[in-house]
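Asker: when you get a sec, could you give me coordinates for this:
(chains A and B)
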Amino acid sequence: MGKIKKRLIFLVGPTGIGKSAAAICLAKKINGEIISCDSMQVYRKMDIITSKALASERKIVKHHMLDILDPGKQYDVASYRKEALAVCDRIISKGKIPLFVGGSGLYYSILIDGLFERVGEDRLIRSKLNKEADKRGSSYLYKKLKTIDKQAAGKIHPNDTRRIIRALEVYLKTGKKISELQMERAGLGKEYEFKIFGLDMPRNALYEKVNNRVERMFDLGIIGEVRSLLRSKLSKTARSAIGINELKGFFKGNYSLEDTKELIKRNSRNYAKRQLTWFRKDQRIKWIKINPGDSSFQIAKKIWKKLS
RNA sequence: GCCGAGAUAGCUCAGUGGUAGAGCGCGGCCCUGAAAAGGCCGGCGUGGGGGGUCCGAUUCCCUCUCUCGGCA
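Answerer: Residues are numbered from 1 along each chain as shown, chains lettered A, B, ... in the order given. Below is the predicted model:
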């Protein structure tokens, strides 16, 4: 028979549902270490705004892929995958179980299913294409894409400028179609065996939790955190965290504190909804229905029961 | 109390004598190097109550109620 595969556990779900706390309980129970699967928690100095695990919590269970770079630096899925997998194997070699926890859908699926490597972002090409899009409109670029890679164009909407540009970028750099390269992806299936759990609760209750969490961020001092973040230049990835732009507008005096809070709440709710859309289609996920009042201990127990 | 403005989708508001839209919200979806990003689809409605004119009223007229300004 086949060789023994390395075991992994994933815990995904929308923002604010309680993944992190439940993960700590679970990790303790199974002698695991947590690997964050979050595109924003990788940044230092973005603690409150990303609801990062506290130092005290990190003492209970070791967390990885947090605070690995400064907010001025750009980050992307490819680096995430590479670094996260390295950490993952290190944990396994210690005889512990890696527990991936997070809500960044793309990071999650690229991690599991792989990506075509070798063609990273090319800032020069991108800025050229962006200028072209501004000047002639994205439909111009779309037509161009259609002539070189019909299949990719078929998958991308004419208004989705970013994806049109990426497809063109790949072609300009390699002379190959992105639609062909995209077929080269190797997932974790061969080497690893994984169980994936998703947390879900009734929408209304989830939104209430999200709203409350935003309120808590303000209590904890998100305003000060973002104010000091804005003192230096943020990378385009770091500055896309929910809360940054909204607070920037507040500092400029564009709207009141109350309106700022509402804005951040709304954007967080919309994000949670998009996350659910992303995870819902993944048939491998075993969904754990939780109630708004469930403690992280109870949630961990529900997962634990499905583990064996 | 008087004068004026208004009452249309969950919210803010357009518009029209032939039963109504937009933005946001809300719901659904897409996603392979920015992903907490970006993009797509969906109107979810007793048009404040009552009466009148008209073939036909959300639109015109009267009246009532309420809201907001101004004057007392």
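Asker: tell me the SS of A:Ile34?
Answerer: With DSSP: H, G, I helix; E, B strand; the rest coil as the basis, A:Ile34 sits in strand.
Asker: need the pLDDT of it.
Answerer: The per-residue pLDDT reported for A:Ile34 equals 98.
Asker: how near is it to RNA strand B?
Answerer: 15 Å (Cβ to the nearest atom of the strand, to the nearest Å). (C-beta placed from N, C-alpha, C; glycine too.)
Asker: got the domain boundaries for chain A?
Answerer: Domains of chain A are assigned by automatic domain parsing as A:6-115+A:186-307, A:123-183.
Asker: I'd like those as JSON lines, with mean neighbour count appended.
Answerer: Shown next, in JSON lines, are these (neighbours: other Cβ atoms under 10 Å):
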{"stretch": "domain A:6-115+A:186-307", "mean neighbour count": "17"}
{"stretch": "domain A:123-183", "mean neighbour count": "16"}
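Asker: so after the lengthiest strand in chain A, what's the next helix or strand?
Answerer: As assigned by DSSP state E, the longest strand anywhere in chain A is strand A:192-200. Next along the chain after strand A:192-200, taking DSSP states H and E as the criterion, comes helix A:203-220.
Asker: can that following helix be found next to RNA strand B?
Answerer: Yes - contact of helix A:203-220 with RNA strand B (Cβ under 7 Å from any atom of the strand) involves A:Arg203, A:Tyr207.
Asker: would you pull up how far that helix lies from the middle of the chain?
Answerer: Mean-position distance between helix A:203-220 and its chain equals 19 Å (Cα atoms, centre = their mean, to the nearest Å).
Asker: what's that helix packed up against?
Answerer: Other elements packing on helix A:203-220 under the criterion 3 or more Cβ pairs under 8 Å, 6 or more residues apart in numbering; DSSP states H and E are helix A:257-280.
Asker: lowest-pLDDT helix or strand in chain A?
Answerer: helix A:123-136 (a mean of 90; mean pLDDT, DSSP states H and E).
Asker: for that helix, enumerate the helices and strands it packs against.
Answerer: helix A:138-148, helix A:161-174.
Asker: make JSON lines from the ones you listed and add distance to RNA strand B and mean pLDDT to it.
Answerer: As requested, the helices and strands packed on helix A:123-136 are exported to JSON lines (distance: least, Cβ to the nearest atom of the strand, whole Å; pLDDT from 0 to 100):
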{"stretch": "helix A:138-148", "distance to RNA strand B": "9", "mean pLDDT": "95"}
{"stretch": "helix A:161-174", "distance to RNA strand B": "4", "mean pLDDT": "95"}
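Asker: how about the least confident helix or strand of chain A, does it reach RNA strand B?
Answerer: Yes - on the criterion Cβ under 7 Å from any atom of the strand, helix A:123-136 is in touch with RNA strand B at A:Arg126, A:Asn130.
Asker: excluding chain neighbours, what is closest to A:Ala272?
Answerer: Closest residue in space to A:Ala272, ignoring its immediate chain neighbours: A:Pro14 at 3.8 Å, by Cβ to Cβ, 6 or more residues apart in numbering.
Asker: with A:Leu85 instead?
Answerer: Spatial nearest neighbour of A:Leu85, excluding adjacent residues (Cβ to Cβ, 6+ apart): A:Leu111 at 7.4 Å.
Asker: is the one you found in a helix, a strand, or coil?
Answerer: helix.
Asker: how close does it get to A:Leu8?
Answerer: 10 Å (Cβ to Cβ, to the nearest Å).
Asker: same question, A:Met65
Answerer: 14 Å.
Asker: ok, A:Leu188 next?
Answerer: A:Leu188 is 7 Å from A:Leu8, by Cβ to Cβ.
Asker: which neighbours do these two share?
Answerer: A:Phe194 (Cβ atoms under 8 Å, 6 or more residues apart in numbering).
Asker: next, give phi and psi for the residue most central in space within chain A.
Answerer: Nearest to the geometric centre of chain A sits A:Ser104, at 2.0 Å (Cα atoms, centre = their mean). Main-chain torsions, A:Ser104, degrees, to the nearest 10: phi -80, psi 100.
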